[in-house]
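1. Can you look at this prediction? I've put the sequence above it.
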Amino acid sequence: MSVPEVAVVGFAQSPCRVREDATTSGVEMLVPIFAEVFGATGLTKSDIGFWCSGSSDYLAGRAFSFVSAVDAIGAVPPTMESHVEMDAAWALYEAWAKVLTGEAEIALAYGFGKSSGAELRRVLALQLDPYLLAPLWPDSVSVAALQARLGLEAGRWTEKDMAEVAARSRAAAVGNPDAQVSGAVAASDLLARPYVAEPLRAHDCAPVGDGAAVVIIASADRARELCERPAWISGFAHQVDSGSLGARDLLAVPSAAGAARAAGAGAVEVAPIEEAAVEEAAVEVAPIEVAELHAPFSHQELLLREALGLGDGVAVNPSGGALCANPMFAAGLARIGLAARAVMSGRAERALGHATSGPALQQNLVCVLSGEAS
Amino acid sequence: MSHPTAPLRAPLEIEFDYTRSLGPVLSQFMAALAERRILGARGADGRVHAPPFEYDPVTAEPPGELTEVGPEGTVVSWSWMPEPLAGQPLAEPFAWALIRLDGADTAMLHAVDAGSAAAMRTGLRVRPRWAERPAGSIRDIACFEPCDGPAGVAAGEDAGEVIPGMTITPVRLHYMHTASPGETAYLRGLAEHRLLGQRCGVCGQVYVPPRGTCPADGVPTSEEVELPESGTVTTFCIVNVGYPGQKVTPPYVAAAVLLDGADIAFQHLVLGCDPDEVRMGMRVRAVWDESGSISHFAPTGEADAPYESFARCL
């Protein structure tokens, strides 16, 4: 089957910060990045055939909060617009489908979240099973901590391994002005700090920050006009694991491995994976050079590397990743945007963007980007 | 702009109860909890899920007869909660744990009242501490406690009304709500009995209350415009239905009011005349209340505005 070619042609994100001056509508964060991405591509709002956003009413504390954000896109006269109550990486998936079907030539996906408007880890309890889990208010950090301990006690990683992920991420984020946390720090110093939810320390958890991101995609002909080196979407897939937290094997991420396989990322079978199998797979497929993984907790990067079959040769999270900037509902889209930027700038021939949603990596999305149209 | 520009911020408390039907499987599960029993479901692969699945994860078939498990179990994984959050099962530091109940193959997430992190370990044997009065929810298990420790007493909670087959989950959320710069200027203006809007620098449209961004052009609007307190009813409805917290006695009129000089109407009350007298084009004026806000709009007695003067805002 021949799939029409679609490419990322533009990306912008706002710096991730706690913004006491920002409303939950996202308008203040979105207007500057729309101007930036339009400036870079030479597009105007009238060129956009389809708009799709990702955000959450629970984060905003009001119903239909995304409708206010529509002001930022200038939706008069009316435009073709949609919304997902998920990370905007899933909005980009919907936009991609619109371009594939020929309903739009150019589509724009955006996500925004004022994560600091409420107690984020508590609000996120409401994404859990509403009968058996949410009434207990299990917060997102505690749930991730249960997953981290399983891996620790199974010998899959150590607290030092987790601290090294955090230290490496923070060092990588030094050159990233959009990151909320960055700096040179030794893993041993991080390990001396107290637990916030044993076995997780502060460095193991993404900071709570507010932000927005936007990605523009275009059909083949338009992409070549708009961008010297478009980032062609060679595969795009998402999968979900059971909502029954206690019935999942929390050390396997079958939905991530499955999405990667479906997106042609060359992932191997789900964990547990033998070291040798990972290396073999990495050699077999065209190499992913850069991977931006949406891992809001340090141990989740380790799980995802394995599930996606990423070997040591892959530059993982050169931006610092979600451990340094995790604006809710935008961070996953930003991973794809950053992976696309690596291709558009010529730094990578093939890159992977990943997004997650739900507790303990329940849902996963993988987008593979390439410098060459297939 | 002459007014202070720091955005106004205020706490926002949102409270609502979700009332949900439990369905056939979870109805049995919750009913058993009220009898201090825990039920699981056996899957086609022979594994026992506790809590029970509603549909078999492999075959998608509903479970057969549910099977009793536990009530004791073993901790599979745990994390420590040093500062419990509002609504969580315990107010004192506790452990979250995945607990595999005896006879089950999957785990249940709940709290363990262990006293300290040092007392927690994977493999710890735990038993449920039952709520004093069942409420028909997962919280009929107040928490779990170590089998080798003394039996604790569940803190008395207001169990509320028990409806068979239903479960009620109260949701209480706390936000710090921030008004946009335009909304802030508008709200500060109201306190001085002034109506402040903003004009778009591209299309010239005047928005009140200010939106911060022109919805037509998507550009920031910052030119402040002061508007008179008079306007025109563009459209309206007569509210005849009561609801909790309603401050005006039905029937009354909710109208879209277009202030003179504005390009967008906002919704407000029209009082001071019989609802039957309100009509499209009726001229109205703001009536201020003691708190420095607009209480409602009232008829001015002027001749109606011609339809053509507000048709573009319908």
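-> That came through fine.

2. Name the nearest residue to whichever residue of the stretch 201-350 of chain A sits closest to chain B, sequence neighbours excluded.
-> In the stretch 201-350 of chain A, the residue found nearest to chain B is residue A:246; the distance is 3.6 Å by C-beta to the nearest C-beta. Any C-beta I mention is one placed from the backbone N, CA and C, and that applies to glycine too. Closest residue to residue A:246 apart from its sequence neighbours, by C-beta to C-beta, 6 or more residues apart in numbering or on different chains: residue B:107 at 3.6 Å.

3. From residue A:37, how far out is the most centrally placed residue in chain A?
-> Computing the C-alpha centroid of chain A and ranking residues by C-alpha atoms, centre = their mean puts residue A:332 first, at 1.7 Å. According to C-beta to C-beta, to the nearest Å, residue A:332 stands 17 Å off from residue A:37.

4. burial of the closest residue to residue B:83 other than its chain neighbours, as a residue count?
-> Excluding the flanking residues, the one nearest residue B:83 by C-beta to C-beta, 6+ apart is residue B:93, at 7.3 Å. The tally of other residues near residue B:93 (other C-beta atoms under 10 Å in any protein chain shown) stands at 15.

5. Next: residue A:176.
-> When neighbours are counted by other C-beta under 10 Å, residue A:176 comes out with 18.

6. Residue A:352 now?
-> 29.

7. Which strand or helix spans it?
-> strand A:350-357 (DSSP states H and E).

8. That strand pairs with which strands, and in what direction?
-> Strand A:350-357 pairs in its sheet with strand A:290-292 (parallel), strand A:363-370 (antiparallel), by DSSP bridges.

9. can you redo those as TSV with mean pLDDT, mean neighbour count and distance to residue B:219?
-> Shown next, in TSV, are the strands paired with strand A:350-357 (pLDDT from 0 to 100; neighbours: other C-beta atoms under 10 Å in any protein chain shown; distance: least, C-beta to C-beta, whole Å):
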stretch	mean pLDDT	mean neighbour count	distance to residue B:219
strand A:290-292	97	27	31
strand A:363-370	97	28	31
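
10. Just put those in JSON lines and tack on distance to residue A:228.
-> Below are the strands paired with strand A:350-357 laid out as JSON lines (distance: least, C-beta to C-beta, whole Å):
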{"stretch": "strand A:290-292", "distance to residue A:228": "19"}
{"stretch": "strand A:363-370", "distance to residue A:228": "15"}
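
11. what does the stretch 1-150 of chain B have sitting close to chain A?
-> B:6-7, B:9, B:12, B:14, B:18, B:20, B:22, B:26, B:49, B:51, B:53, B:57, B:76-82, B:85-89, B:96-98, B:106-111, B:117, B:122, B:137-139 (C-beta under 8 Å from any C-beta of the partner chain).

12. hang on, the earlier thing: quick one, what contacts the residue nearest to residue B:83?
-> B:80, B:81, B:82, B:83, B:84, B:116, B:117 (C-beta atoms under 8 Å, 6 or more residues apart in numbering or on different chains).

13. for residue B:43, same thing?
-> B:49, B:53, B:56, B:57, B:58, B:59, B:63.

14. Just those: which are in strands?
-> Among the contacts of residue B:43, the members found in strands (DSSP state E) are residue B:49.
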